[in-house]
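Trainee: Structure here, sequence nowhere to be found:
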Ligand code: NAD
């Protein structure tokens, strides 16, 4: 498992491919965006002119794309990559996509005798750069085991969540919960500030009390409370509102498919839609939901 084809070299895929190179893998990369491909070459990857060219002779094909539609376009159909891959190739899709889309790709791979898993990630761009991502894998145990060494070169935690699509389900459950406790944290901090409390003092109190949670402790949404988080640099450089909205949409679709009751997830999606309504907010980090609760100056 030495040769890896890496497809999709964006904010996440770029640093992930670089970590594979550092771990000694021979990485051939493809991305239709020329700047992303150039950066990958600077990081030690070889550039390919197409996904098919990158995948030729690869032991592992790893994709990190923005949407399920693009993942299906890449792998499926008469001109899809699955038609061209050798049977002993291992396919790992780390994009966040609908579980049903992942199952479709994995089943189509299985029909051709090709092992494939879904392996979406948690941790964001900082963990992608540091090689400390969490991978949530779905698929056959032997395929997940075969993927483990490659994933360990990019991540600190490799979970086998269950059969095909299970990684995607785990991912959207986690991100739905993340959205809910981020909004709750922002709402509580604003209530305190509106009633005369210092947000740092209130954060310290809640961290040591029953309101403590990851958003409050590790990713405080109130500007100036914590160094090194997006809230303290104008909500730039984190996990975009647009991506959180994508994940909440996937969570709601999944809930509809299983007739699960997710009222807080639905409300979280609604609030992020309200907040992300204008294009500027879509690109801000998701902790900028704090601004939905802050009063305009002078109010
Ligand atoms: P991005 O938009 O920065 O990068 C995606 C890249 O894929 C782009 O460079 C694009 O040109 C390329 N691409 C599109 N079609 C392609 C194709 N057919 N072949 C090869 N490359 C192609 O997105 P990102 O932030 O890197 O996110 C990638 C995936 O990871 C998404 O599914 C996202 O939801 C998920 N994710 C992102 C984060 C985050 O913090 N950014 C965290 C966890 C998960």
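Mentor: Looks like it came in fine. Here the structure is a predicted model, which means the values were calculated and not measured.
Trainee: and the stretch 151-299 of the chain, which residues reach the ligand?
Mentor: The stretch 151-299 of the chain has residues 239, 243 near the ligand, with proximity defined as CB under 6 Å from any ligand atom. Where you see a C-beta, it was placed from the backbone N, CA and C, and this is true even at glycine.
Trainee: measure whichever residue of the stretch 151-299 of the chain sits closest to the ligand to residue 105 for me?
Mentor: In the stretch 151-299 of the chain, the residue that lies nearest the ligand is residue 239 (4.3 Å; CB to the nearest ligand atom). For residue 239, the distance to residue 105 (CB to CB, to the nearest Å) stands at 24 Å.
Trainee: higher neighbour count, these two?
Mentor: The residue with more neighbours, out of residue 239 and residue 105, is residue 105; 28 against 23, by other CB atoms under 10 Å.
Trainee: From residue 59, how far off is the nearest residue to the more buried one once chain neighbours are set aside?
Mentor: Using CB to CB, 6 or more residues apart in numbering and skipping residues adjacent in sequence, the residue nearest residue 105 is residue 75, 5.0 Å away. According to CB to CB, residue 75 stands 17 Å off from residue 59.
Trainee: If you count surrounding residues, which of the two has more?
Mentor: Under the criterion of other CB under 10 Å, the comparison of residue 75 against residue 59 puts residue 75 first, with 25 against 17.
Trainee: Contacts only, for the more buried one.
Mentor: Going by CB atoms under 8 Å, 6 or more residues apart in numbering, residue 75 touches 63, 81-82, 91, 93, 105, 108-109.
Trainee: what residues does the stretch 1-150 of the chain put near the ligand?
Mentor: If contacts are counted using CB under 6 Å from any ligand atom, the residues of the stretch 1-150 of the chain sitting beside the ligand are 7-13, 30-33, 36, 51, 64-66, 70, 74, 95-96, 121, 124-125.
Trainee: filter those residues to the buried ones?
Mentor: Of the members of these, the ones counted as buried by neighbours, 16 or more other CB atoms under 10 Å, are 7-13, 30-31, 36, 51, 64-66, 74, 95-96, 121, 124.
Trainee: Tell me which entries of these lie within helices.
Mentor: With helices taken from DSSP state H, the overlap with these comprises 13, 36, 51, 74, 124.
Trainee: Now the two most distant members of the residues you listed.
Mentor: Of all pairs drawn from those, the widest gap by CB to CB lies between 51 and 124 and measures 25.1 Å.
Trainee: And whichever strand or helix holds residue 247, what does it pack against?
Mentor: Here residue 247 sits within helix 241-258, counting by DSSP states H and E. Using 3 or more CB pairs under 8 Å, 6 or more residues apart in numbering; DSSP states H and E, the elements in contact with helix 241-258 are helix 166-194, helix 263-275, helix 279-283.
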